[in-house]
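# Quick one: sequence plus predicted model below, questions after.
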Amino acid sequence: MNAEALIAAARARGLRLASAESCTGGLVAAAVTEAPGASAVFDMGVVTYSNEMKTALLGVLPDTLKAHGAVSEEVAAEMAAGARARSGADIAVSVTGIAGPGGSEHKPEGRVCFGLAQAGDVTVETVEFGALGRTAVRRAARDHALALLARAVEAAQP
């Protein structure tokens, strides 16, 4: 589903959307808002690259960051929940990961964690895109986040 179809589907169901991004640096919000009519459904896109801003703007708990690190499903869940709560959106997606170059044995380049918050429910998943290079990982993460939003919108009752 492209951004125009996502916007049309969200509009038909009366849904508002939001995003919270780290490694994608706003690519998800840019993709959605590039399509005409985005303002009818897109409430907020926030980029929180630093841990301090994840805490200040999205309410990610410092203890969660300390225990799990920024690239974790736990942080992705709190980012998505925070974006949804702060924006008033019906569905919020979050992205946090290691685009590269680099990484570690425990958190390799290309690992991206996603969160999806809707109606009191937050789901998370991790995708290992691999060491595709920074640009390719960021684009793949953007596309995956948009697909998560699209599936959530399609599953919502009109």
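That came through, no problem.

# Contacts only, for the residue nearest the centre of the chain.
Relative to the mean C-alpha position of the chain, the nearest C-alpha, by C-alpha atoms, centre = their mean, is the one of residue 94, at 2.1 Å. Residue 94 is in contact with 19-22, 76-77, 79-80, 83, 114-117, 145, counting by C-beta atoms under 8 Å, 6 or more residues apart in numbering. In this view, the C-beta of every residue, glycine as well, is placed from N, C-alpha and C.

# of those residues, closest to residue 38?
Nearest to residue 38 out of these is residue 19 (C-beta to C-beta; 11.6 Å).

# follow-up on the earlier one: restricted to buried residues, select the contacts of residue 94 in ChimeraX.
Burial among these is assessed by 16 or more other C-beta atoms under 10 Å; the matching ChimeraX selection reads:
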select :19,20,21,22,76,77,79,80,83,114,115,116,117,145
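
# Any buried residues in the longest helix anywhere in the chain, and which?
What stands out as the longest helix in the chain, according to DSSP state H, is helix 134-155. Using 16+ other C-beta under 10 Å as the test for burial, helix 134-155 gives 134, 137-142, 144-146, 148-150, 152-153.
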